[in-house]
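Asker: This is a predicted model, with the sequence first.
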Amino acid sequence: MEKLYRIRPLLEKSVEYFVDVYERLPDGTFRGFDVTEIWRWGLGYRTEDEPIWQYELGDNGVHCKPDVGWGCELDGLCAVYLNFSDGFTDDEKVEIEKILRYERDDGDGRAGTGWIYDGEHNWEIEDDHVRFTGPIKIDFLDEQGEVIEENVQPYDSDAE
């Protein structure tokens, strides 16, 4: 494992987990959906060569890939939002929504976004990321996860 930046929110409900998926249909067209989960708390990582910049603290938020470092950790699901492209029946939408809102599983015990990664289906991931939308705390960690520097300040392009 390499040195990492660990990002954590300072305010509740400021962590979004986003997954955009698509399916190639037999006629060569595509359809897809995206899901955004809002979480009360969480954390994510970035590699040493991808520091957090001051401009990211604005409206776009700080993004992390969910598989970097020890993976993202999310706690306290608050809301789930879905957007479907054209090409879905109402029944398909309802079925997908139930699984992604944890109202039922896929028959093998998978629900939520875990179903997208591990379920039996034809969905392929176009994009996935964790986004921190409020104030954050950044710590720099060594290869074993021990804190090297606490409260790292984002890089400021104007200061260079």
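Answerer: Nice, I can see it.
Asker: Need the pLDDT of residue 157.
Answerer: pLDDT for residue 157: 70.
Asker: And the helix or strand of the chain with the lowest mean pLDDT, how far out from the chain middle?
Answerer: When each helix and strand of the chain is scored by mean pLDDT, DSSP states H and E, helix 113-118 comes last, with a mean of 93. Centroid separation for helix 113-118 versus its chain: 12 Å, with CA atoms, centre = their mean, to the nearest Å.
Asker: cool, stretch 135-145 as well?
Answerer: 18 Å.
Asker: Buried residues, it. List them.
Answerer: Within stretch 135-145, the residues that count as buried by 16 or more other CB atoms under 10 Å are 136, 138, 139, 140, 141. Glycine gets a C-beta too; all of them are placed from N, C-alpha and C.
Asker: Check stretch 106-115 too.
Answerer: Going by neighbour count (16+ other CB under 10 Å), the buried part of stretch 106-115 is 106, 110, 111, 112, 113, 115.
Asker: Check the chain for its longest helix and report it.
Answerer: Criterion DSSP state H: the longest helix present in the chain is helix 90-100.
Asker: pLDDT below threshold where in the protein?
Answerer: Scanning the chain for pLDDT under 70 picks out 158-160.
Asker: can you give me the strands for it?
Answerer: 4-9, 15-24, 30-47, 62-64, 73-84, 124-132, 136-141, 147-149 (DSSP state E).
Asker: now those as TSV including distance to residue 157?
Answerer: What follows is the strands of the chain, written out as TSV (distance: least, CB to CB, whole Å):
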stretch	distance to residue 157
strand 4-9	17
strand 15-24	25
strand 30-47	17
strand 62-64	15
strand 73-84	30
strand 124-132	19
strand 136-141	16
strand 147-149	20
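Asker: Identify whichever of those lies nearest to residue 53.
Answerer: strand 62-64 (8.9 Å; CB to CB).
Asker: Give me the contacts around stretch 47-54.
Answerer: With contacts defined as CB atoms under 8 Å, 6 or more residues apart in numbering, stretch 47-54 is touched by 2-5, 7, 46, 62, 68-69, 136, 138, 140, 152, 154-158.
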